[in-house]
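1. Predicted model and sequence follow; I will ask about them next.
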Amino acid sequence: MYTSGPGDRPFEEEHRSASIAIVLSGRFEYRASSGGALMTPGSLLLGNPGQSFECVHAHGAGDRCIAFRFSPELVRLRAAALHVAADEARIIDAAGAAGFEDLSNFNHAFRAEFGVAPRNYRRIVRR
């Protein structure tokens, strides 16, 4: 989740994965190659991979926006973490159930997301 607030400067964001931005307060202008839009509180912006938006607003005036990024790999890792924590299943089976064909890649991605290897994660959550 990313937030903006007072003192932040307008920025361009490139969507590498699907995302949702929600305007909480103030007004935001988003510009893209396909056009622009003025967004007010409650407005949603859906971003597709490969799209870029320029975000123009007055952070100092209290404008606030929250953006959520969706990553299919993150969803798979979270599912695997639930499997690892709940089952006595082998780690390789949890990796396979989450769509990872290579255990080394799974362990690397799991450690990058959760800060520990899957086996250590299992020990931690079971305490």
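-> It's in. Numbering: from 1, shown residues only.

2. ok, residue 76 touching residue 96?
-> No. Using C-beta atoms under 8 Å, residue 76 is not in contact with residue 96, being 11.0 Å away. Glycine gets a C-beta too; all of them are placed from N, C-alpha and C.

3. what ranges of the chain fall below the confidence cut-off?
-> 1-16, 50-62, 67-70 (pLDDT under 70).

4. residue ranges for the helices of it, please.
-> Taking DSSP state H as the test, the helices found in the chain are 72-86, 91-97, 103-114, 118-125.

5. ok, now which ones touch the residue of the chain most remote from its centre?
-> Centroid-distance maximum for the chain: residue 88 at 28.9 Å, with C-alpha atoms, centre = their mean. By C-beta atoms under 8 Å, 6 or more residues apart in numbering, the contact set of residue 88 is empty.

6. so what's the closest residue to residue 42 other than its chain neighbours bridging to?
-> Spatially, and ignoring its direct neighbours in sequence, residue 42 is nearest to residue 23 (6.8 Å; C-beta to C-beta, 6 or more residues apart in numbering). Per DSSP bridges, residues listed as beta-bridge partners of residue 23: residue 65.
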